[in-house]
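J.: compute the structure for the input listed below.
(2 chains)
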2 protein chains.
Amino acid sequence: MANFAIMGFGTVGSGVAEVLRMNGASIAEKLGEPLNLKYILDVRDLSATPYGDIAVKDFAVLENDPDLEVVVESIGGAKVALEFTRRALMAGKHVVTSNKELVASHGKELLAIAKEKNVNYLFEASVGGGIPVLRPLFQCLAGNQIEEVVGILNGTTNYILTRMVKGGVSFEDALKEAQAKGYAEQNPAADVEGLDAGRKICILSDLAWGKEVLPDRIHTQGISGLDLRDVALASEAGYRVKLLGRALRLEDGRQAAYVAPHLVPESCPVAAVDDVFNAIMIRGNAVGDVMFYGRGAGDLPTASAVMGDVMDALQHRAKRRDLGWSESADLADFGGLSMKWYLRGNFPAPEGSEVLSGGAVIAGPMTAAEAGALAERLGAEALLPVLE
Amino acid sequence: MANFAIMGFGTVGSGVAEVLRMNGASIAEKLGEPLNLKYILDVRDLSATPYGDIAVKDFAVLENDPDLEVVVESIGGAKVALEFTRRALMAGKHVVTSNKELVASHGKELLAIAKEKNVNYLFEASVGGGIPVLRPLFQCLAGNQIEEVVGILNGTTNYILTRMVKGGVSFEDALKEAQAKGYAEQNPAADVEGLDAGRKICILSDLAWGKEVLPDRIHTQGISGLDLRDVALASEAGYRVKLLGRALRLEDGRQAAYVAPHLVPESCPVAAVDDVFNAIMIRGNAVGDVMFYGRGAGDLPTASAVMGDVMDALQHRAKRRDLGWSESADLADFGGLSMKWYLRGNFPAPEGSEVLSGGAVIAGPMTAAEAGALAERLGAEALLPVLE
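T.: Predicted coordinates:
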């Protein structure tokens, strides 16, 4: 029998318990031993739940139990979660998490502790919810040089954008709808300003090239400033506006990563990904483009990924997953990245640009810095990158 | 240093050598040791190629080399490939393959030998070419009960169907185009009659539920009988015609698997997958629907998956991947499967059916046997299942 614990009994933590309840028999069969939920650590009183008899409030109980092998960290944030993760790893427990903030900001340190202690620190659920994407990236595609990772990494903003594109609803109204449906939090800044997508593209970048990219080092632009006119003009011209996280390796060996709303051509499979769905496209020098698609959030989808990692940690007890990233990546500035740009305003179309309706054009390729300067000179009211 | 060999130096085999040439440095870094291509086994004379000095014609050289750890089987078919795979596993070598025919027909036996000899037999490349799908299925989604797997598993037929749908080209002409482009073989039966997709859906089914499903036991219908009129009428009504392999678990615990052209609603992400691309959708009881998309064939994409498996086999030297399937699945007959059906002909629309233009209707849900009887009674000229 293998014992595990859940720390933090919110959406994800309770989802993990539910997945074990639903699928415990088949999980035991695949593992070759029963998987037992031994503790749930939460500050709240769980005595009225079916889990009252395994609820604990003192982390030391988990830390000091030699029969506890795996700890699921679903506390969130990077304070208590960081402390407990460090201590659990130091105590020789495998740790599995969905906490993108913690992995993006402290993954390097935590993976180094895991290596030292010969345990696993796994976090498939931190990107794309239940969609298998990190393990395919570092394992199935290991024979490739990864060239680019780009994706719709945040379901809340994709829902809002879908409502703007298909419903002609303003950003403010679409946000209110998303909040009413429980897709957006009352303080939606982490989603709509692109911070959540930023953490995820950093984790993807860390794994793709093995070098740390911290969220506060990358250009992050959300969708709160998006004008419905641009969404409509882009649609007319055969593009969808999507908030993308993008990480790439430049020809000079440097890396780049950023988050911004893009015009995506309808022919690109990412363009058709609507509502709360996520999709991540990975380009390798052997495989070409592969795409992974599914629900990027929600209790059971996220718990599916967590449970997969719990099982993987147990299957790699003896020889841990060799996973980690090292020193800081050599990052190119966003301003130096070259691509095409959508501009709109009351100005004559720049030479060589593609003219859309409503005073909009697509110009370039040129660098972000050049595009910014051009937009300023022309007095453009909108400037958005175009995915090619 | 880890030594491997390639058996069969055709499209896939030479692709694997090329991927090693392209990415050898990063592969060595990830493995923690150089990966060395020690032998290429082929009946042809390779002395004029850059690989002349490692070419061998006698399998016993591989079999008897104690320093050879991994063998890539890219011979194809189920004769020589079967014998050499058996012998390589018996000799304690890990074997990696893209050979769907062999895995679908003899996987159970070969995995049992691998288990006995404590080596890996891996075949990610046998389904979906370079798309990571088997490992996500058996590993990342291990916490789920898999409910259904459905996908576009054959790039050749998807190219033909795309030309029929978008170009209004007849099946015969689209096939000729595909042959001219090198997508279809001169004898295209294995592709167009659905045999290739059938082998792949069997492998997916084997892994999803751990029980053997042999290709000759499943209903397999290809696209050679497809009428351009039905493709056009379906498009008008918001459907795309796609050749799908489909495997599902029924409520009574039995399984089903089959291959047939389906009407797929445009809102389903699989509908937008065109040309030679493949897409596989997996439904789990926790994760919901996830989809995997990319190039389902080609030298480098397929070699990408093979190389990922070679690396995985070496990383799981000490403790093999616990992979395999057991006794025959309890299969439901195709005739008993219930779904909606597209029918066309000169008959009054059956009660409760949805009327399309051109004498076509969508009726049901009813079983395949009932639909067949109805089509016969009405004298229908076309009968196709509809994916819901």
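J.: is the longest helix along chain A up against chain B anywhere?
T.: Taking DSSP state H as the criterion, chain A has its longest helix at helix A:11-31. Yes: contact of helix A:11-31 with chain B (C-beta under 8 Å from any C-beta of the partner chain) involves A:15, A:19, A:22-23, A:26-27, A:30. All C-beta spots, glycine's among them, are computed from the backbone N, C-alpha and C.
J.: list the buried ones in that helix?
T.: By neighbour count on 16 or more other C-beta atoms under 10 Å in any protein chain shown, the buried set for helix A:11-31 is A:11-17, A:19-20, A:22-23, A:26-28, A:30-31.
J.: could you do stretch A:85-100 as well?
T.: Buried-residue list, stretch A:85-100, by 16+ other C-beta under 10 Å: A:85, A:87-89, A:91, A:93-100.
J.: quick one: contacts for A:L175?
T.: Each residue near A:L175 by C-beta atoms under 8 Å, 6 or more residues apart in numbering or on different chains is listed here: A:160, A:184, A:188, A:192.
J.: quick one, phi/psi of it?
T.: Backbone torsions of A:L175, given as degrees, to the nearest 10, read phi -60, psi -40.
J.: A:A257 now?
T.: Dihedral angles for A:A257 - degrees, to the nearest 10 - are phi -150, psi 140.
J.: cool, and A:Q255?
T.: The phi/psi pair for A:Q255 (degrees, to the nearest 10) is phi -110, psi 160.
J.: equivalent analysis for A:I40, please.
T.: phi -120, psi 120.
J.: pLDDT score assigned to it?
T.: pLDDT for A:I40: 98.
J.: then A:G167?
T.: 91.
J.: now swap in A:E327 and tell me
T.: Looking at A:E327, the pLDDT reads 87.
J.: for it, helix, strand, or coil?
T.: Assigned with DSSP: H, G, I helix; E, B strand; the rest coil, A:E327 falls in the strand class.
J.: mind listing what it touches?
T.: Counted by C-beta under 8 Å, 6+ apart, A:E327 has contacts A:211-212.
J.: cool, and A:G32?
T.: B:D322.
J.: distance of the residue in the stretch 51-200 of chain A that chain B sits nearest to from B:D252?
T.: Residue nearest to chain B within the stretch 51-200 of chain A (C-beta to the nearest C-beta): A:G143, separated by 2.8 Å. The gap separating A:G143 from B:D252 is 42 Å, by C-beta to C-beta, to the nearest Å.
J.: so between those two, which is more surrounded?
T.: Per other C-beta atoms under 10 Å in any protein chain shown, whichever of A:G143 and B:D252 has more neighbours is A:G143, with 31 against 7.
J.: the more buried one and A:K211, how far apart?
T.: Remark: distance between A:G143 and A:K211 (C-beta to C-beta) = 19 Å.
J.: and A:A197, by the same measure?
T.: Distance, A:A197 to A:K211, by C-beta to C-beta: 20 Å.
J.: between those two, which one's more packed in?
T.: Set side by side, A:A197 and A:K211 show more neighbours around A:A197, with 33 against 16, by other C-beta under 10 Å.
J.: isn't the more buried one up against A:L243?
T.: Yes: counting by C-beta atoms under 8 Å, A:L243 is a contact partner of A:A197 at 6.2 Å.
J.: where do the contact lists of those two overlap?
T.: A:154, A:157, A:259.
J.: rewinding a little: tell me which two in the residues of helix A:11-31 next to chain B are the farthest apart.
T.: Across the residues of helix A:11-31 next to chain B, the longest distance by C-beta to C-beta is 19.0 Å; it joins A:G15 and A:K30.
J.: state the helix or strand in which whatever residue of the stretch 201-350 of chain A ends up closest to chain B lies.
T.: In the stretch 201-350 of chain A, the residue that lies nearest chain B is A:M307 (2.8 Å; C-beta to the nearest C-beta). A:M307 is part of helix A:299-315, with elements assigned from DSSP states H and E.
J.: cool, A:F84 as well?
T.: Here A:F84 is assigned to helix A:80-90, by DSSP H and E.
J.: how about residues contacting that helix?
T.: A:7-8, A:41, A:59, A:62-63, A:71, A:73, A:75, A:95, A:97, A:99, A:102, A:106, A:109-110, A:113-114, A:117, A:119, A:121.
J.: and the stretch 1-150 of chain A, which residues reach chain B?
T.: A:15, A:19, A:22-23, A:26-27, A:30, A:32, A:124, A:130-132, A:135-136, A:139-145.
J.: how about a cut-off of 10 Å?
T.: Counting by C-beta under 10 Å from any C-beta of the partner chain, the residues of the stretch 1-150 of chain A close to chain B are A:15-16, A:18-20, A:22-27, A:29-32, A:35, A:124-125, A:128-146.
J.: grab the nearest non-local neighbour of A:V150.
T.: The shortest distance from A:V150 to any non-neighbouring residue, by C-beta to C-beta, 6 or more residues apart in numbering or on different chains, is to A:R246 (4.4 Å).
J.: please name the strands paired to the helix or strand hosting that neighbour in the sheet, noting orientation.
T.: Using DSSP H and E, A:R246 sits in strand A:239-249. Counting by DSSP bridges, the strands paired with strand A:239-249 are strand A:146-152 (antiparallel), strand A:255-265 (antiparallel).
J.: the residue of the stretch 201-350 of chain A closest to chain B: what's it in contact with?
T.: A:4, A:15-16, A:19-20, A:22-23, A:27, A:35, A:72, A:96, A:124-125, A:130, A:300, B:140-144, B:286-287 (C-beta atoms under 10 Å, 6 or more residues apart in numbering or on different chains).
J.: now do 6 Å
T.: A:19, B:143 (C-beta atoms under 6 Å, 6 or more residues apart in numbering or on different chains).
J.: contact residues of the stretch 251-388 of chain A facing chain B?
T.: A:272, A:286-288, A:290-291, A:293-295, A:300-301, A:304, A:307-308, A:311, A:318-319 (C-beta under 6 Å from any C-beta of the partner chain).
J.: now, of the residues you listed, which are buried?
T.: Applying 16+ other C-beta under 10 Å to those flags A:272, A:286-288, A:290-291, A:293-295, A:300-301, A:304, A:307-308, A:311 as buried.
J.: quickly list the domain ranges of chain A.
T.: Structural domains assigned to chain A are A:2-130+A:298-328, A:137-295, following automatic domain parsing.
J.: what's the closest of the ones you listed to B:R229?
T.: Per C-beta to C-beta, nearest to B:R229 of the domains of chain A: domain A:137-295, 27.0 Å.
J.: how far out from the middle of the chain is the closest one?
T.: 9 Å (C-alpha atoms, centre = their mean, to the nearest Å).
J.: what is the burial count for A:K117?
T.: A:K117 has 17 nearby residues by other C-beta under 10 Å.
J.: show me the residues around it that make contact.
T.: Counted by C-beta under 6 Å, 6+ apart, A:K117 has contacts A:89, A:92.
J.: quick check: it vs B:P385, distance?
T.: Distance from A:K117 to B:P385, by C-beta to C-beta: 53 Å.
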